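Asks: no sequence on hand, only this structure:
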Ligand SMILES: Nc1nc2c(ncn2[C@@H]2O[C@@H]3COP(=O)(O)O[C@H]4[C@@H](O)[C@H](n5cnc6c(=O)[nH]c(N)nc65)O[C@@H]4COP(=O)(O)O[C@H]3[C@H]2O)c(=O)[nH]1
């Protein structure tokens, strides 16, 4: 050792040291740079690293030799120098191979380090031995061993640091350590031998083979390596135990989560938590044999691997399907991240089972597109499909049809039997409609009692109309709800694509307009969309707005038409609503009453008529009665008995002077309720008349079952009695039968003297018609009553 220190500290010039260290750093940095190029093939990295190391070793050795013995005339033996270079190269290959291909451990690092240091020292000694031959090389054994041990240790640390994932600057540290080895080993080897002059004087005879420098070096190198490996094994065991502990800790941590956690390196599964094993049905040993992409249907997503893909998955989870037991595919959300793990970097893959969330999402999507009551597609679902149907029709030159359906009489059921019955009815209607359709046809419910049918391809409009007729007919049979037989109809509008529109909105709107037309024209009909219908629909809409405004502004009026007894005396007046429109002139009730009924405006309108008529009649200085029409909608929507009672109280009209006219439609919809209504009204002291008898069903059963006070024979019969014997026979029978049932009979619409004579001669009790008196404004009616009073007073 003393010899080594003398050599390094006194015999070497500082300049020489600086040169050697600079060279060592340059070569070391280059070697480490080449070895750590992960993107290059391993063989190339090994070759280049070894080449740089062997050149560095020789260069530094010769530099040192030259600076130590500048005056020595020496001649390096051939081929020893080349062989030496080759030896260093081979040892370096071995070291690099261990580093690149054997699992990272302290043992591997020491073996690599020892190989490299030994190779460098070996070549130095080999040249020196060859140089002084046949004389033997005199050396300092402790120095040789020290050089080897220190060199191997430095080099081992260099390899260890290079593969350390937690190191801050692994390549820099590694380069410094390798540079120190590169400087120390050639220099130290040289310093371990005695000076040349001492070789020649002191040791003249070769050592025995056993103690030749090379044998000693090999032996000592071997011993040093065994010693180092023992220490390394101990260290490796400690590291392995701590790695095992870390692995266990990670697994416990991972088992504690509900998510599946996989740890992988280079896509190979290294560890997995219990959740993953449960999801895949595999055990830990089996899963460790697999690659991560093998666990997923269709691999590990489109972005198979690579840093960019990994970063993507960290930022945004990937939606994949995990292969579960028995080929089951489990929808999962996958996140992955690079983490330091045990002895290097690893990828942690978090796999979340999203089956329930997916099911919930699917259900929400279903709800968004479907009607919960009938399970039919709703407006959103319809618009989606209709868009596709239209695109397809336009692309292939086909014709599609859209049927807009609106139930007739549904509101009556809903209001009278309750919403539950209404819901049941809608469901059954949907079933009947569906039964009329082909698989390719599409039925949707837009809400309320509105349905839409899409026919993907029709040859002509007649196809759609025929289907519409079948749909109308399929509702003819009654529905039995809560023990009641209930009838509803349907009005249908048909629009074609592309003829009536090329967008879903346009075709739907036009089918709706046609359906409205069907409603206006009497319900239970099918109408094909025609240009111009829009204007009619718009007009109707404007009229509705105007009527609403007119009601609000109290612009409506009541006309009063007198009713006469056989002696010509006025028995009462019928209150008839009038609408003097500022632009359209006087609008007859036939036009605005049905509109008011459809829109619900009939409720405020009817109450206004009732109150106004009762107030006016209460002001008449006479006991003549006032007749007011009631609409079926009023009957359905409000507590009529209460309304009538309150009106009588407020206006002070005697109940006996009020006559309420109801139609058969009102009775038909809910017979028990209608019966109760008529009874309750009569209980108030109000009279009830059955209006428009002779139109509609004209069921004589109503006359028998309901406690009416009178029957009003419709004017459509009265105006035929003089020239249609059948009409007369019917009117005559009504009179006879009503009298038998103790009902008074009123004939409406008497326009001629002949009609009047026939009716009076055959016992009709009361007469109404233009012949006797037209509907007149309040003032005129009041004057008429007053003049009658005057007449009576005069007589
Ligand atoms: N051609 C002809 N017509 C005659 C003759 N005599 C009477 N009329 C008309 O016959 C209708 C009788 O009323 P209605 O049958 O209750 O029929 C009424 C009634 O159903 C309804 N209506 C009118 N006002 C109201 C109301 O305030 N409430 C309700 N719910 N409906 C009303 O409108 C219908 C039509 O009322 P108006 O147009 O006022 O028509 C009245 C009256 O002007 C005649 O000799 N010849």
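Replies: Great, that's in hand. The shown structure was predicted, so the numbers you read here are calculated from the model rather than taken from an experiment.
Asks: run through who's touching stretch 709-723.
Replies: 659, 661, 682, 687-695, 703, 727-728, 730-731, 734-735, 738, 743-752, 754-755, 758-759, 764-766, 768-769 (CB atoms under 8 Å, 6 or more residues apart in numbering). All C-beta spots, glycine's among them, are computed from the backbone N, C-alpha and C.
Asks: of those residues, list those near the ligand.
Replies: 661, 691-692, 748-751, 768-769 (CB under 6 Å from any ligand atom).
Asks: circling back: now, which of the contacts of stretch 709-723 lie within helices?
Replies: 682, 703, 727-728, 730-731, 734-735, 738, 754-755, 758-759 (DSSP state H).
Asks: from the ones next to the ligand among the contacts of stretch 709-723, which would you call buried?
Replies: Buried subset of these (neighbour count, 16 or more other CB atoms under 10 Å): 661, 691-692, 748-750, 768-769.
Asks: quick one: name whatever helix or strand follows the helix or strand of the chain with the lowest mean pLDDT.
Replies: Ranked by mean pLDDT, DSSP states H and E, the weakest helix or strand in the chain is helix 307-315, scoring a mean of 48. Next helix or strand after helix 307-315 toward the C-terminus (DSSP states H and E): strand 318-323.
Asks: that following strand packs against which elements?
Replies: Secondary-structure packing of strand 318-323 (3 or more CB pairs under 8 Å, 6 or more residues apart in numbering; DSSP states H and E): helix 274-280, strand 296-297, strand 329-341.
Asks: how about a cut-off of 10 Å?
Replies: helix 274-280, strand 296-297, strand 329-341, strand 344-353 (3 or more CB pairs under 10 Å, 6 or more residues apart in numbering; DSSP states H and E).
Asks: for the helix or strand that comes right after the last one, buried residues please.
Replies: Scanning forward in sequence from strand 344-353, with DSSP H and E defining helices and strands, the next element found is helix 355-369. Along helix 355-369, the positions that meet the burial threshold by neighbour count (16+ other CB under 10 Å) are residue 369.
Asks: again, but for stretch 484-497
Replies: Within stretch 484-497, judged by 16+ other CB under 10 Å, the buried ones are 486, 488-497.
Asks: same deal with stretch 527-544?
Replies: 527-529, 533, 537, 540, 543-544.
Asks: could you dump the residues you listed to CSV with distance to the ligand?
Replies: Shown next, in CSV, are these (distance: CB to the nearest ligand atom, whole Å):
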residue, distance to the ligand
527, 25
528, 30
529, 30
533, 25
537, 23
540, 18
543, 16
544, 17
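Asks: which of the buried ones among the ones next to the ligand among the contacts of stretch 709-723 sit farthest apart?
Replies: The span of these, defined through CB to CB, is set by 661 and 750 at 17.0 Å.
Asks: where does the stretch 451-600 of the chain dip in pLDDT?
Replies: Nowhere does the stretch 451-600 of the chain drop to pLDDT under 70.
Asks: and the residue in the stretch 401-550 of the chain that the ligand sits nearest to, which of the three is it?
Replies: Residue nearest to the ligand within the stretch 401-550 of the chain: residue 547 (13.0 Å; CB to the nearest ligand atom). Using DSSP: H, G, I helix; E, B strand; the rest coil, the structure places residue 547 in helix.
Asks: that one: neighbour count?
Replies: Number of residues near residue 547 (other CB atoms under 10 Å) recorded here: 22.
Asks: quick check: it vs residue 599, distance?
Replies: 8 Å (CB to CB, to the nearest Å).
Asks: before we move on, what about residue 36?
Replies: Remark: distance between residue 36 and residue 599 (CB to CB) = 84 Å.
Asks: so which of the buried ones among the ones next to the ligand among the contacts of stretch 709-723 sits lowest on pLDDT?
Replies: Lowest in pLDDT among these is residue 692, which has 86.
Asks: so what's that residue closest to, chain neighbours aside?
Replies: residue 714 (4.7 Å; CB to CB, 6 or more residues apart in numbering).
Asks: for residue 502, phi and psi?
Replies: phi -120, psi 10 (degrees, to the nearest 10).
Asks: my guess is it contacts residue 395. True?
Replies: No - assessed by CB atoms under 10 Å, residue 502 is found out of contact with residue 395, at 11.7 Å.
Asks: neighbour count: those two, which is higher?
Replies: residue 502 (13 against 8).
Asks: rewinding a little: out of the helices and strands packed on strand 318-323, nearest to the ligand?
Replies: For these, the distance to the ligand is smallest for strand 329-341, at 60.9 Å, taking CB to the nearest ligand atom.
Asks: list the buried residues of the closest one.
Replies: 330-336, 341.
Asks: quick check, nearest of those to residue 191?
Replies: Set against residue 191, the nearest of those by CB to CB is residue 341 (44.1 Å).
Asks: okay, now the domains of this protein?
Replies: The chain breaks down into these domains under automatic domain parsing: 2-237, 256-359, 370-531, 544-794.
Asks: re the thing from before, now for the residue nearest to residue 692, how many residues are close by?
Replies: 20.
Asks: distance of it from the ligand?
Replies: Computed as CB to the nearest ligand atom, to the nearest Å, the residue 714 to the ligand distance reads 7 Å.
Asks: what does residue 657 give?
Replies: With the distance defined as CB to the nearest ligand atom, residue 657 ends up 17 Å from the ligand.
Asks: check residue 640 too.
Replies: Using CB to the nearest ligand atom, residue 640 is found at 12 Å from the ligand.
Asks: ranges for the strands of the stretch 151-300 of the chain?
Replies: 260-265, 268-272, 296-297 (DSSP state E, counting those that start in this stretch).
Asks: deepest-packed of those strands, please.
Replies: Per residue and on average, the most neighbours among the strands of the stretch 151-300 of the chain fall to strand 260-265, with a mean of 22 (mean count of other CB atoms under 10 Å).
Asks: packing partners for that one?
Replies: Applying 3+ CB pairs under 10 Å, 6+ apart, we find strand 260-265 packed against helix 213-255, strand 268-272, helix 274-280, strand 329-341, strand 344-353.
Asks: what's the least confident stretch among these?
Replies: Among the helices and strands packed on strand 260-265, helix 213-255 scores lowest, with a mean of 64.
Asks: distance from stretch 364-384 to the middle of the chain?
Replies: 13 Å (CA atoms, centre = their mean, to the nearest Å).
Asks: tell me the buried residues in that stretch?
Replies: Under 16+ other CB under 10 Å, the buried positions of stretch 364-384 are 369-371, 374, 376-379, 381-383.
Asks: quick one: which of the residues you listed is nearest to residue 424?
Replies: Distances from residue 424 to the buried residues of stretch 364-384, taken by CB to CB, are shortest for residue 374, at 10.8 Å.
Asks: what about the closest one, which SS state?
Replies: Per three-state DSSP, residue 374 ends up coil.
Asks: look up phi and psi at it.
Replies: phi -100, psi -10.
Asks: leaving out sequence neighbours, find the closest residue to it.
Replies: Using CB to CB, 6+ apart, the closest residue to residue 374 is residue 430 (4.2 Å).
Asks: can you read off the pLDDT for the one you found?
Replies: On the pLDDT scale, residue 430 is placed at 97.
Asks: does it touch residue 370 like I think?
Replies: No - using CB under 10 Å, residue 430 is not in contact with residue 370, being 11.9 Å away.
Asks: anything in contact with each of these two?
Replies: 376, 444-445 (CB atoms under 10 Å, 6 or more residues apart in numbering).
Asks: closest to residue 592 among those?
Replies: residue 445 (30.8 Å).
Asks: near the ligand, which residues of the chain show up?
Replies: Going by CB under 6 Å from any ligand atom, the residues of the chain near the ligand are 561, 576-577, 588-590, 593, 606, 609, 629-631, 661, 691-692, 715, 748-751, 768-770, 775.
Asks: 5 Å instead?
Replies: Counting by CB under 5 Å from any ligand atom, the chain comes close to the ligand at 576-577, 588-589, 593, 609, 629, 631, 749, 751, 769-770, 775.
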